[in-house]
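Q: Make a model of this:
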Amino acid sequence: MSTGDRYAIYGTGGCARAVRHAVQAQLARQVGGTMARLAFIDDNPAMRAAPLHGLPVISYDEALSGGYAVCIAIADGQLRREKAVRCARDGIGFFSIVAPTVVRSDLVSIGEGAILCDNVTLTADISIGAHFHANLYSYVEHDCVIGDYVTFAPRVSCNGNVTIGDGAYIGTNASIKQGVTIGAGAVVGMGAVVVKDVEPGQTVVGNPARIQKDS
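A: Residues are numbered from 1 along each chain as shown. Model (predicted):
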């Protein structure tokens, strides 16, 4: 995490509110929680009228001028990318949120700004890009390569030697067979069982997963 004492969760939606407790626990462990200042950021002035879950809601400009480190807790990968590009351009630093129940070996490389929720498991020889979101009970097995801005919904099963491109979204309870490649911007639907490669931008659903046809 940042060496400073000011941290902000970018967003006030369900994703942001769900990780608030993990951030507070992390601050207590790493920087002595009572010394650290924690806030939410929201670009909508109406959301800044009152505290949220006991924390202040500040503007982006306040975060910038106040020297806050930021973690972007927005489930939409494209919107997350837009916020991250803006922050990087303005010199705002990032921190990652790692819940206390995460299991992660020392053979995992992961970029800045990640969110690893409760009971996420990352095994060995894994490379993950920036601003990765892994929701509750998801796992990534050995020898996987995962790009930037990838989102795992709860209970995603990502088996070994899988490659996932930037901005892909993997839905709740989806399972990915060992050795599969999922292209950039692809969407894997809830409960899908992916047994063959998914092209960039495709949406697949079902068991076995097939390309979703327009209704």
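
Q: need the helix or strand of this structure with the lowest average pLDDT.
A: When each helix and strand of the chain is scored by mean pLDDT, DSSP states H and E, helix 14-30 comes last, with a mean of 90.

Q: I'd like to know which elements the helix or strand just after it is packed against.
A: Using DSSP states H and E, the helix or strand that directly follows helix 14-30 along the chain is strand 37-41. Applying 3 or more CB pairs under 8 Å, 6 or more residues apart in numbering; DSSP states H and E, we find strand 37-41 packed against strand 6-10, helix 14-30, strand 57-58, helix 60-66. Any C-beta I mention is one placed from the backbone N, CA and C, and that applies to glycine too.

Q: Need those in TSV (columns: mean neighbour count and distance to Ile182).
A: Formatted as TSV, those follow (neighbours: other CB atoms under 10 Å; distance: least, CB to CB, whole Å):
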stretch	mean neighbour count	distance to Ile182
strand 6-10	25	26
helix 14-30	17	21
strand 57-58	20	35
helix 60-66	15	32
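
Q: Pro208 is nearest to which of these?
A: helix 14-30 (29.2 Å; CB to CB).

Q: what is the orientation angle of that closest one with strand 37-41?
A: Helix 14-30 and strand 37-41 are oriented at 170 degrees to each other (axes from the mean of the first three to the mean of the last three CA atoms, to 10 degrees).

Q: residues making contact with helix 14-30?
A: Applying CB atoms under 8 Å, 6 or more residues apart in numbering, the contact partners of helix 14-30 are 1, 7, 9-10, 33, 36, 38, 40, 52-53, 55, 71, 73-75, 97-100, 115, 117-118, 133.

Q: Of those residues, grab the buried ones for PyMOL.
A: Typed into PyMOL, the line below selects the buried ones among these, using 16 or more other CB atoms under 10 Å:
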select buried, resi 1+7+9+10+36+38+40+52+55+71+73+74+75+97+98+99+115+117+118+133
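
Q: wait, what's in contact with the residue nearest to the spatial centre of the chain?
A: The residue lying closest to the centre of the chain (CA atoms, centre = their mean) is His133, at 1.9 Å. For His133, the contact set (CB under 8 Å, 6+ apart) comprises Cys15, Ala75, Gly77, Arg80, Ala114, Ile115, Val150, Thr151, Phe152.

Q: Which parts of this protein belong to which domain?
A: Under the assignment automatic domain parsing, the domains of the chain span 6-95, 98-206.

Q: Skipping its backbone neighbours, what lies nearest Ser109 in space?
A: Sequence neighbours aside, Ser127 is the residue nearest to Ser109 in space, at 4.9 Å (criterion: CB to CB, 6 or more residues apart in numbering).

Q: Okay, now the unreliable bits of the chain?
A: 1-4, 31-36, 214-215 (pLDDT under 70).

Q: so is the residue nearest to Ser109 in a helix, a strand, or just coil?
A: At Ser127 the chain is in strand, as set by DSSP: H, G, I helix; E, B strand; the rest coil.

Q: what separates it from Val195, distance-wise?
A: Using CB to CB, to the nearest Å, Ser127 is found at 23 Å from Val195.

Q: For Ser175, which residues are in contact?
A: Ser175 neighbours (CB under 8 Å, 6+ apart): Val156, Ser157, Asn159, Ala192, Val193, Val194.

Q: Perfect, that will be all.
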